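predicted model and sequence follow; I will ask about them next.
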Amino acid sequence: MKLVRRRTDCRACGKRNLVQILDLGKTPPANAFLKKPQKQALYPLQVNWCKNCNMVQLAHVVDPKLLFENYVYASSTSPVFVRHFKDLAKKITKQLRLKRNSLIVDIGSNDGILLKPFQRRGMQVLGIEPARNIAKRANKDGIPTVADFFSVKLAKKVVAKFGQTDLVTATNVFAHIDDLDGIVEGVKLLLKPRGVFLVEVAYLGDLVSKNLFDIVYHEHLCYWAVRPMKILAERLGMRVFDVEHVLTHGGSIRMMMKFKRAKRPVTNSVGNFVFREKRLGLNKLTPYRALARRIEKNKMALNKLLTKLKQQGKTIIGFGAPAKATTLLNYFGIGKKTLDFIVDDSPYKQGLLTPGKHISVLATKAMYEIKPDYVLILAWNFADSIIKAHKDFGGRFIIPVPKLEVV
């Protein structure tokens, strides 16, 4: 495979009715942090909308091996996510009446953040994680993890060794997949007849209504709403039977799928979400054109503020080096002349340089040593907890998304 290729058909319905709705220029891969400054490859970040099923998706596919085989994001470094997945395991165990020794397979399991609470409940767990460094860490922590990309071939191996599963999960990973058909076919092999496939992913409705443009980056090929997921599932012999809105990533949806023939009732939540999406206008171009205008307005406002502060001699640093920061910093043109450095709690990122802009990432203690005048919160989805934890550092916080705020 070439390092980048353009896709002209819809990943959900297969039709070739795609319209470009956003062009965020060319950026490096969002997690391509560097040990020292060097020229990085930049890839197009263009977003299409399908006229047929209304799925929103990237026009270009960057080689997943380049993106995922050596990964710097470890989920368990976030206390907010640890609590979220602990609560998810508790709720789903009760809702699906999972028993001790039930087998749970998590696709894109990262460091085992979701599987750990299932394991503590006495269940068998298996992670599938292509990032070899992260999979190694999960295995070391006692979470059995296969270091590979999920596929039909791998699903057959799992079934041969472990048998079929009661639950397959894919949290914050179903947006990353180009070959959706292959993944769903693999999941179907894994599941028992009454088994459930749970997908949790950032919600397109929130992206559009809250201006969450910076969750657009090369790893995120798909921006999901319920209607296109229903169309994908039904085309492949499955059915979405329950949907829930959750707060992660600025707003996500948790969707559960079953085989069409499985005797699980389809809840009203599915139809309610599809109806809401129509009211939001996600089946028309209008809200996406408005989103593009708001992004430009946000860009101008933030740059105007930062330029003014620098002219006043203020020191500014960033807080958090999530993947979304790569999109914001590169598209908005914010670099080392504006931010002295960025602090991040993850030891995986400390001591590295951000993709594209090459801003140093340091441990959080550096914020207290330098005592900047302003902190730009790049991990805006954790803004409340960051502000609460660091309210005594002596300066003020800037929140760039969903809307520009200084607190």
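Received the coordinates, thanks.

per-domain residue ranges of the chain.
Domains of the chain are assigned by automatic domain parsing as 75-280, 286-406.

what mean pLDDT does the longest one get?
Averaging the model's pLDDT scores along domain 75-280 yields 95.

how about stretch 49-62?
97.

can you list the domains of the chain in JSON lines and add distance to Cys13 and mean neighbour count?
Backbone N, C-alpha and C define where each C-beta goes, glycine included. Listed next are the domains of the chain as JSON lines, based on distance: least, Cβ to Cβ, whole Å; neighbours: other Cβ atoms under 10 Å:
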{"stretch": "domain 75-280", "distance to Cys13": "5", "mean neighbour count": "19"}
{"stretch": "domain 286-406", "distance to Cys13": "18", "mean neighbour count": "18"}
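
which one, of those, ends up nearest to Lys39?
With Cβ to Cβ as the criterion, Lys39 lies closest to domain 286-406 of the domains of the chain, at 10.3 Å.

quick one: contacts for Gly351?
The neighbours of Gly351, taking Cβ atoms under 8 Å, 6 or more residues apart in numbering as the test, are 35, 361-362.

next one: Arg254
Arg254 neighbours (Cβ under 8 Å, 6+ apart): 88, 198-200, 243-246.

so what's the closest residue to Ile177 other than its chain neighbours up against?
Excluding the flanking residues, the one nearest Ile177 by Cβ to Cβ, 6 or more residues apart in numbering is Ile183, at 5.3 Å. By Cβ under 8 Å, 6+ apart, the contact list for Ile183 reads 107, 150-151, 170, 174, 177.

make sure Ile183 is indeed in a strand.
No: judged by DSSP: H, G, I helix; E, B strand; the rest coil, Ile183 forms no part of a strand; its state is helix.

and it, how close does it get to Ala233?
Distance of Ile183 to Ala233, given as Cβ to Cβ, to the nearest Å: 12 Å.

can you tell me the closest non-neighbouring residue to Ala379?
Using Cβ to Cβ, 6+ apart, the closest residue to Ala379 is Gly320 (2.7 Å).

so what does that neighbour have for phi and psi?
For Gly320, the backbone dihedrals (degrees, to the nearest 10) come out as phi 90, psi 130.

my guess is it meets Phe382, correct?
Yes: counting by Cβ atoms under 8 Å, Phe382 is a contact partner of Gly320 at 6.9 Å.

sorry, back to before: can you lay out the domains of the chain as JSON lines showing distance to Asn17?
Formatted as JSON lines, the entries for these read as follows, by distance: least, Cβ to Cβ, whole Å:
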{"stretch": "domain 75-280", "distance to Asn17": "12"}
{"stretch": "domain 286-406", "distance to Asn17": "15"}
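
of all these, which one comes closest to Leu24?
domain 286-406 (4.9 Å).
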